[in-house]
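Participant: Provided below for reference: sequence and predicted model.
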Amino acid sequence: MRKRIQLSMLTIAIITIIAMTFDVETLYLLVNKRRMQQDSWLELVVYVVVTIGILALCIIASKTLTDKIMGPVNKMAEHVDDNTYMPEYQELVPIMDKIRSQHIDVLAAAKARQDFSASVSHELKTPLTAISGYAELLETGMVEPDKQQHFIEEIRHNSDRLLGLINDIISLSQLDSNQALDFETIDLYQLVQESLDTLAMVAGKSKIQLIFDGERCNIYANKECIREVVYNLVQNAIKYNNENGHVWINVYTEKTPVLVVKDDGIGIPLPEQERVFERFYRVDKSRSKATGGTGLGLSIVKHIADLHNAKIILDSEPGVGTEIKVVF
């Protein structure tokens, strides 16, 4: 393609030079004639005709050459969805590959947004339907007095689930908006310790023992985002654990700071491990609904890790437990 462009430019340049040469010489001869005799007028007419012809030739040549150059580019644009199509010019292959890659990313993003909207609608509808149904039964007096407390508890449970879902959606929306985060140097050990003080009550209700150990280490991060990571990882370890189970949290430095959350719960089957970080994906759907899980916790963790250039390592075995490392 480069050679064709160079040849085209050279051709146009030669034609232009010839035209300019003809213009200068003819004009010089005409201006220096003492009298405008009949021959001079004839020469002037010839000059004008030839000049117009040269200009027309330049226009036609440039259009033809441009069409030949841009033709393969236009074909490439038309066949962007055809993976078998190869551009006529070898130089266009890297451009074609880049365009295809970006095109795939755009389609994937559009599908992800569509799937996310559908999932949000479904997830919001479930607790709202339950709340509306229980409230209607209570309102009409169709519930026996000894069962009213159960209905009230179900309304409260679904309200908490709905509120948690909304909060997670807001968190994801804020992360997706690519707003600049305020980074600062924070003590990861202290942050985890503060977060566990809040989570101790949740663990106590589920009869789960939290065991924290580690050493002080600093990371450069957004404090609220890292707090969100700790909450989600520990809450998941509590939710998907067995009664009287354990959750071990460790913070240490191994070349770089590391946060580890490990449990002896139900574990994650190997085929499911690649999908647990997808939005709204749940390994145990019945347990998630019973415990108020939204299916967004690990996706939020993954998103925050990406924003902090951190790496997530998952190790899990059904019936043994799950260990998640966040390497900063």
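Facilitator: Received the coordinates, thanks. The structure presented is a predicted model; accordingly, all values stated were derived computationally and were not measured. Numbers count the residues shown, from 1 in each chain.
Participant: From here on, just use CA atoms for contacts and neighbour counts.
Facilitator: OK.
Participant: Mind telling me what element residue 129 is part of?
Facilitator: Using DSSP states H and E, residue 129 falls within helix 93-140.
Participant: cool, residue 156 as well?
Facilitator: helix 145-176.
Participant: buried sites along that helix?
Facilitator: Buried residues in helix 145-176, counted by 16 or more other CA atoms under 10 Å: 148, 151, 154-155, 157-159, 161-166, 168-169, 172, 175.
Participant: cool, stretch 300-311 as well?
Facilitator: Neighbour-count burial for stretch 300-311 [16+ other CA under 10 Å]: 300-305, 308, 310.
Participant: ok, now stretch 260-277?
Facilitator: In stretch 260-277, counting by 16+ other CA under 10 Å, buried: 260-268, 276-277.
Participant: Which pair of those residues spans the longest distance?
Facilitator: 264 and 277 (19.8 Å; CA to CA).
Participant: what ranges do the strands span in this protein?
Facilitator: 184-187, 209-214, 218-221, 246-254, 256-263, 311-317, 321-327 (DSSP state E).
Participant: how about these, which one is nearest residue 61?
Facilitator: Residue 61 sits nearest to strand 311-317 of all the strands of the chain, at 57.8 Å, using CA to CA.
Participant: Report all helices and strands that that closest one contacts.
Facilitator: When contacts are defined as 3 or more CA pairs under 8 Å, 6 or more residues apart in numbering; DSSP states H and E, strand 311-317 packs onto helix 270-273, helix 297-307, strand 321-327.
Participant: As a markdown table, the buried residues of stretch 260-277 with pLDDT and distance to residue 319 would be great.
Facilitator: Shown next, in a markdown table, are the buried residues of stretch 260-277 (pLDDT from 0 to 100; distance: CA to CA, whole Å):
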| residue | pLDDT | distance to residue 319 |
| --- | --- | --- |
| 260 | 93 | 19 |
| 261 | 93 | 17 |
| 262 | 93 | 13 |
| 263 | 92 | 11 |
| 264 | 89 | 8 |
| 265 | 88 | 7 |
| 266 | 87 | 5 |
| 267 | 88 | 6 |
| 268 | 86 | 8 |
| 276 | 83 | 17 |
| 277 | 82 | 20 |
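Participant: Let's have those in JSON lines, adding distance to residue 140.
Facilitator: Below are these laid out as JSON lines (distance: CA to CA, whole Å):
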{"residue": "260", "distance to residue 140": "51"}
{"residue": "261", "distance to residue 140": "47"}
{"residue": "262", "distance to residue 140": "48"}
{"residue": "263", "distance to residue 140": "45"}
{"residue": "264", "distance to residue 140": "46"}
{"residue": "265", "distance to residue 140": "42"}
{"residue": "266", "distance to residue 140": "41"}
{"residue": "267", "distance to residue 140": "44"}
{"residue": "268", "distance to residue 140": "44"}
{"residue": "276", "distance to residue 140": "42"}
{"residue": "277", "distance to residue 140": "43"}
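Participant: for the residues you listed, which one is nearest residue 77?
Facilitator: residue 277 (35.1 Å).
Participant: For the closest residue to residue 318 other than its chain neighbours, give me its contacts.
Facilitator: Using CA to CA, 6 or more residues apart in numbering and skipping the chain neighbours, the partner closest in space to residue 318 is residue 267 (4.0 Å). Taking CA atoms under 8 Å, 6 or more residues apart in numbering, we find residue 267 in contact with 240, 316-322.
Participant: What subset of these is buried?
Facilitator: 240, 316-317, 321-322.
Participant: so which of those residues would you say is closest to residue 281?
Facilitator: residue 240 (14.2 Å).
Participant: so the closest one touches residue 264, yeah?
Facilitator: No: Residue 240 is not in contact with residue 264 according to CA atoms under 8 Å; the separation is 9.1 Å.
Participant: how close does residue 77 get to residue 90?
Facilitator: 15 Å (CA to CA, to the nearest Å).
Participant: Next: residue 325.
Facilitator: Taking CA to CA as the measure, residue 325 falls 45 Å from residue 90.
Participant: and what of residue 106?
Facilitator: From residue 106 to residue 90 the distance is 25 Å (CA to CA).
Participant: Next: residue 145.
Facilitator: Relative to residue 90, and taking CA to CA, residue 145 is found at 80 Å.
Participant: just residue 238 next, same as before
Facilitator: From residue 238 to residue 90 the distance is 57 Å (CA to CA).
Participant: In terms of neighbours, single out the busier of the two.
Facilitator: Using other CA atoms under 10 Å, the more surrounded residue of residue 238 and residue 90 is residue 238, with 28 against 11.
Participant: Verify the contact between that one and residue 208 for me.
Facilitator: Yes: in this structure, residue 238 is within contact of residue 208 by CA under 8 Å, at 6.6 Å.
Participant: Overlap in contacts, the two.
Facilitator: residue 247.
Participant: Go ahead and name everything in contact with stretch 268-277.
Facilitator: Contacts for stretch 268-277 (CA under 8 Å, 6+ apart): 281-283, 298-299, 302, 314, 316-318, 321-322.
Participant: Identify the farthest-apart pair in these.
Facilitator: 302 and 318 (21.7 Å).
Participant: how much space between residue 135 and residue 240?
Facilitator: From residue 135 to residue 240 the distance is 30 Å (CA to CA).
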